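Student: Here is a sequence together with a model predicted from it:
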Amino acid sequence: MQHRFPTRFTLFLGAAAMLGLPGLASAQDADPGATSGAGEAGGEIIVTAQRRAQNLTDVPVSVGVVGGDALRDIQSGGEDILALSGRVPGLYAETTTGRIFPRFYIRGLGNVDFYLGASQPVSIIQDDIVMEHVVLKSNPLYDVRQVEVLRGPQGSLFGRNTTAGIIKFDTYRPTMDFDARAQASYGSRNSVTADFGVGGPIAGDKVAVRVSGLYQRRDDWIDNIYTGASADGTVTPKKNALGGYEEKAGRLQLLVNPDERFSMLVSLHARDIEGTATPFYRGALTKGSNDVGDQRRDQVANDEGANNPQHYKGWGGSFNASLDLGGVTVTSISGYEHAQGYSRGDTDGGASSLFTFPYTGFGQSMGKLRDLDQLSQELRFSSADDQAFKWQVGGYWFHSRDITDFYQRAYFLTTAARNPNNWVRLRNQNTSYALFGQASYDVTPEFTLTAGARWTKDTKETTLLKTADTAAGVVTYRGRRNVRLSDDKPSWDLSALYRITPDVSVYARVASGFRGPTIQGRSAVFNADFTTADSETILSGEAGIKAGFWDGRGHFNLTGFAYRVKNIQLNGNDANGNGVLFNADKAKAYGLEADLELRPTDRLTFSAGASLLHTEIADKRVYAQVCALNGTITCTVEDPVITVPTAFGPGYFAQIDGNPLPNAPKYSFNVAARYGVPVGPDGEVFVSTDWNVQGYTNFVLYKTKEFHASGNFEGGLKLGYADSTRGFEIAAFARNITNEKNLKGVIENYMAAIYNEPRVFGLTASFRTR
């Protein structure tokens, strides 16, 4: 099965090349490999939010921008893609599964489900390729030129599953000039990060190549102090048992540009990550408080799960080309992605010794992605950018297929005996295709109207290939073995932008979007039927101002927004503790986002961002299961609670009407500053710092005194020397400099906590040729 997709991909690329089908989006016609990052292009910020290279002040969409150098600074301590959380107003990210399963939230919209087949309303796009599966969303970031966060639904140009927005990563691409850059750091716990890219012409000005790579590692640093009998025979007390990782990744790009009309970019990449899944700190929370001050983050007490091993591999490629037909550019983007691996963990944080039978609960679990293949193809026609009337139309096709195993060592009725047959195998398939178009018209040189529309059909199918049987091999599953859901819906957007001056504009935008239906088959491991959720739709409105001033030394953006999601997809548990999908009637939200960038002198730069957010679930009929262990509520629930009899005792459910969406911070603030003092004709001694603060954030659907965070903050510091002529920099750094232990998530029944990354001190060095 895993061999058919690469073969199809190769044939498809060959056919595309023979037909001359292009794939380098018109946004890349401006040579993004050489385009400066945020705030570097002569005072302009260039983005490709509308599939064209444009000045940010000319784009009627709320866009947050992070330059590649800024991203590398915040990742110098070894952080992964989650480092973006809190650095862009309105963006939040977290995980309960480790570095291979990030979950993103924009303006409060996301998905807390840890199911490997879960869909998310935030789309990740890397070099024009959609990364749909949650494992693909974790693809490492290296040799990155710029990150753009497009807030709000982006259905017209980017398709379904973008009800919340898009995070778009653009890496450096080959150019016809030699270019090289590298950055390496070494820090606490033997943390190493090395990120490089080098490229240039290999055949005059017709062919260029670029090679990029990443290496990251950290030693295990968390002790497993459990001294009892191991529940599964895989763990003993061990110092430095978990918490480490090692990741290797590389990318090769080849650009062919025989003339001004045609260009072709072929990209191949691969990754290999081995480490440990997220540790859960059992009993870190006490009833009535969310204070975790006394819990040591360098110790766990896991009695099973083999100290949370995790190992994933992936590879893929894309074929991009563009052909100018004279006034019309044809664009084709072909992509293939493959991934496989597993993640195992002590799901209850070692709490199996607390079970009183009869009881159903978790011991350890493992998800194994045996075979994931994703294919995508986009074909687009677009007009030239120098006309009053600009347009683009196209089609898109997407298909993914995976085979996934779920293992669960659970406790049933009166025995805790291990059941080797207690696992399931699922096949998940997702096919989507769409037609789309967008047009903008400059009514006057100052006033532009833009409209877009898209029709999408999305089909998902999950098949149960193996049931979870008894230890004697008896099949007890009585649910469905195959579920297929399909839906098609239009989405659209309409916006207006007025340029008060060449550097100041105001805009308003209304947009719709939809997330396709979803199937959750993981519950079959508990002999429970599949659960499903119908499509959700969103209607969003926003208005704002975008300004540049001080001859490009200052930028300010302010946006107000509101949205309503109908039939919103949520994730919770049923009366027997099985994970379930369901739809609530709607969710509503409104808020503000602002960001500021200043360079008052050549020595000083300053930036700041802020977001204010109110979200609310609106459905009086919907209840969510609350924290409970051995028939007793373990936390302090602040919502009305009802009791529902189950086969394993009472189940407790809270009414969630009026509650905020999970992982939707009420506010966030981030600031960064850099000050340099000249040393000699070309050198500079500098100090830089960055901080972010996060307001009240509820982690679950119901409200409690325990399962939330408020006032989390982190800071970083960097002190070093830079030489602008020779292009190198050396510095000492600290990430999470105050060693904050922030609560980032919970495992409810066991009052278990999940924390942020620990403090890392270290040294970093970098260079670039231009």
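Tutor: That came in fine, so what should we check first?

Student: where does the chain have low pLDDT?
Tutor: Across the chain, the ranges flagged by pLDDT under 70 are 1-43, 231, 351-363, 409-418, 575-578, 648.

Student: Distance check, the most centrally placed residue in it against Leu82.
Tutor: Geometric centre of the chain, nearest residue: Phe104, 4.5 Å, by CA atoms, centre = their mean. According to CB to CB, to the nearest Å, Phe104 stands 9 Å off from Leu82. Using the backbone N, CA and C atoms, a C-beta is placed for each residue, glycine as well.

Student: Thought Lys137 was touching the residue nearest to the centre of the chain, still the case?
Tutor: Yes - Phe104 lies in contact with Lys137 (CB atoms under 8 Å); the separation is 7.4 Å.

Student: between these two, what contacts are shared?
Tutor: Common neighbours of Phe104 and Lys137 (criterion: CB atoms under 8 Å, 6 or more residues apart in numbering): Gln120, Ile124.

Student: Name whatever forms a beta bridge with His399.
Tutor: Beta bridges link His399 to Leu375, Thr431 when assigned by DSSP bridges.

Student: between Phe104 and Leu82, what contacts are shared?
Tutor: In contact with both Phe104 and Leu82: Ala93, using CB under 8 Å, 6+ apart.

Student: Write down the beta-bridge partners of the spatially closest residue to the residue nearest to the centre of the chain that is not a sequence neighbour, one by one.
Tutor: Excluding the flanking residues, the one nearest Phe104 by CB to CB, 6 or more residues apart in numbering is Val122, at 4.0 Å. Beta-bridge partners recorded for Val122 (DSSP bridges): Gly165.

Student: tell me the contacts of Val122?
Tutor: Per CB under 8 Å, 6+ apart, neighbours of Val122: Phe104, Tyr105, Ile106, Leu109, Gly110, Thr162, Ala164, Gly165, Ile166, Ile167.

Student: got it, and Thr532?
Tutor: Shown in contact with Thr532 (CB under 8 Å, 6+ apart): Val483, Leu485, Pro517, Thr518, Ile519, Gln520, Leu581.

Student: give me the element it is part of.
Tutor: strand 531-533 (DSSP states H and E).

Student: Sheet-wise, list the partners of the helix or strand following that strand with their directions.
Tutor: Using DSSP H and E, the next helix or strand after strand 531-533 towards the C-terminus is strand 536-549. In the sheet, strand 536-549 lines up against strand 504-515 (antiparallel), strand 554-573 (antiparallel) (DSSP bridges).

Student: Switch these over to CSV; also include mean neighbour count and distance to Asn736.
Tutor: Shown next, in CSV, are those (neighbours: other CB atoms under 10 Å; distance: least, CB to CB, whole Å):
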stretch, mean neighbour count, distance to Asn736
strand 504-515, 22, 34
strand 554-573, 21, 28
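
Student: got TSV for these, with distance to Leu701 too?
Tutor: Listed next are the strands paired with strand 536-549 as TSV, based on distance: least, CB to CB, whole Å:
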stretch	distance to Leu701
strand 504-515	18
strand 554-573	6
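
Student: Then Lys137 would be within a strand, right?
Tutor: No - remark: Lys137 does not belong to a strand; assigned using DSSP: H, G, I helix; E, B strand; the rest coil, it is helix.

Student: Could you report the separation of Leu325 from Asp73?
Tutor: Separation of Leu325 from Asp73 (CB to CB): 43 Å.

Student: More neighbours: these two, which one.
Tutor: Per other CB atoms under 10 Å, whichever of Leu325 and Asp73 has more neighbours is Asp73, with 24 against 10.

Student: shouldn't that one be in contact with Gly716?
Tutor: Yes - in this structure Asp73 lies within contact range of Gly716 using CB under 8 Å: 7.3 Å.

Student: what residues are up against Asn663?
Tutor: Tyr92, Glu94, Arg103, Tyr105, Gly108, Gly110, Val112, Thr697, Asn698, Phe699.

Student: What of Ala496?
Tutor: Applying CB under 8 Å, 6+ apart, the residues near Ala496 are Pro60, Phe447, Thr448, Leu449, Thr450, Tyr507, Ala508, Arg509.

Student: Chain neighbours aside, what residue packs nearest to the fifth one?
Tutor: Here the nearest residue to Thr450 in space, its sequence neighbours aside, is Ser440; by CB to CB, 6+ apart that works out to 4.0 Å.

Student: I'd assumed that neighbour was in a strand, is it?
Tutor: Yes - counting by three-state DSSP, Ser440 is part of a strand.

Student: what's the burial count for it?
Tutor: Here the count is done by other CB under 10 Å, and Ser440 has 22 residues near it.
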